[in-house]
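J.: Sequence unavailable; structure follows:
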Ligand code: AG3
């Protein structure tokens, strides 16, 4: 059988995916959750009708949210992932031997549960002994931490629904306080084509708080517009000035990120630079 999911992004733009099977669906306390087997991109996690991650290209997003900051930090030991209940971002963080503790704060335990059950290659690291899972709102969790983490990665869904607060200035201030003196934040900051205003306001907010702000770019086939941005706020290390350590890189055997990608991802086309002027 063939089924269709119409992923609605704006009034004028939606994307239709064919899928062969509905693996799981549930209305959780926070959102509509589904796991489907798509025709082109393998199994996918869907939240509120938007594809969050697919087996075929999840590695691009998860490597790119994690490694530029993890590599910019010379010795990341304590890492926090906010959102990202599928476990993909945590999986990248625990590739580093230096990491002693990786905390995951996810508001919706059903995302964790469904990913563990139906997306084992993405969620595999959730059972790593260094990973601690907290099922609660990241907004409250972060307020209780001071001067604690080396790296914080914000792997949220879109800025509607449960993730909205994760794009606000108060949250980034709390993240700043939760980081150590040389800590680094990376947040996924959406499409530079469809979400220009959001990207602009997040960049401004982070710039007001952190001494170093860098937005970088990757291409993700399954997200709208193709281009995808991440914004980094750093207290000490400038990711743009760092050359990733070859030994650490070789051990990890990654599929997307490498030394050249690290340098290249900070190169922004003019239409994105303009957003920050
Ligand atoms: N989080 C970001 C998904 C954004 C998708 N948005 C969209 N296509 N409009 C993904 C979570 C993966 N761990």
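T.: Ah, there it is. Small disclaimer: the values here were computed from a predicted structure and weren't measured.
J.: low-scoring stretches of the stretch 151-277 of the chain, by residue?
T.: Counting by pLDDT under 70, the stretch 151-277 of the chain shows no low-confidence range.
J.: How about the residues of the stretch 101-250 of the chain by the ligand?
T.: For the stretch 101-250 of the chain, the residues in contact with the ligand (C-beta under 6 Å from any ligand atom) are 155, 157-158, 188, 223-224. Any C-beta I mention is one placed from the backbone N, CA and C, and that applies to glycine too.
J.: a markdown table for those residues, including distance to residue 144?
T.: Converted to a markdown table, these look like this (distance: C-beta to C-beta, whole Å):
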| residue | distance to residue 144 |
| --- | --- |
| 155 | 20 |
| 157 | 23 |
| 158 | 26 |
| 188 | 23 |
| 223 | 32 |
| 224 | 35 |
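J.: Most neighbours of all those, which one?
T.: Compared across these, residue 155 has the highest neighbour count, 29 neighbours, by other C-beta atoms under 10 Å.
J.: That residue: what's it in contact with?
T.: Contacts for residue 155 (C-beta atoms under 8 Å, 6 or more residues apart in numbering) come out as 65, 81-84, 88-89, 188.
J.: what about 10 Å?
T.: Applying C-beta atoms under 10 Å, 6 or more residues apart in numbering to residue 155 gives the contacts 52-53, 61-62, 65-66, 81-90, 104, 106, 138, 163, 166, 186-188, 230.
J.: Okay, now the sheet partners of the helix or strand containing residue 186, with direction.
T.: Following DSSP states H and E, the helix or strand that holds residue 186 is strand 179-188. With DSSP bridges as the test, strand 179-188 is paired with strand 149-155 (parallel), strand 227-234 (antiparallel).
J.: For residue 68, grab phi and psi.
T.: Here is the backbone geometry of residue 68 (degrees, to the nearest 10): phi -60, psi -40.
J.: neighbours around the residue lying closest to it once chain neighbours are set aside, how many?
T.: Leaving out its chain neighbours, the residue that sits closest to residue 68 by C-beta to C-beta, 6 or more residues apart in numbering is residue 239, at 5.1 Å. When neighbours are counted by other C-beta under 10 Å, residue 239 registers 23.
J.: And residue 245, by the same measure?
T.: Quick note: residue 245 (other C-beta under 10 Å) scores 12 neighbours.
J.: if I pick it, what's in contact with it?
T.: Contacts were defined as C-beta under 10 Å, 6+ apart; by that measure residue 245 touches 71, 74, 251, 259.
J.: Partner strands of the one helix or strand residue 102 maps to, with direction?
T.: Assigned by DSSP H and E, residue 102 belongs to strand 101-106. Using DSSP bridges, the strands paired with strand 101-106 are strand 78-83 (parallel), strand 131-135 (parallel).
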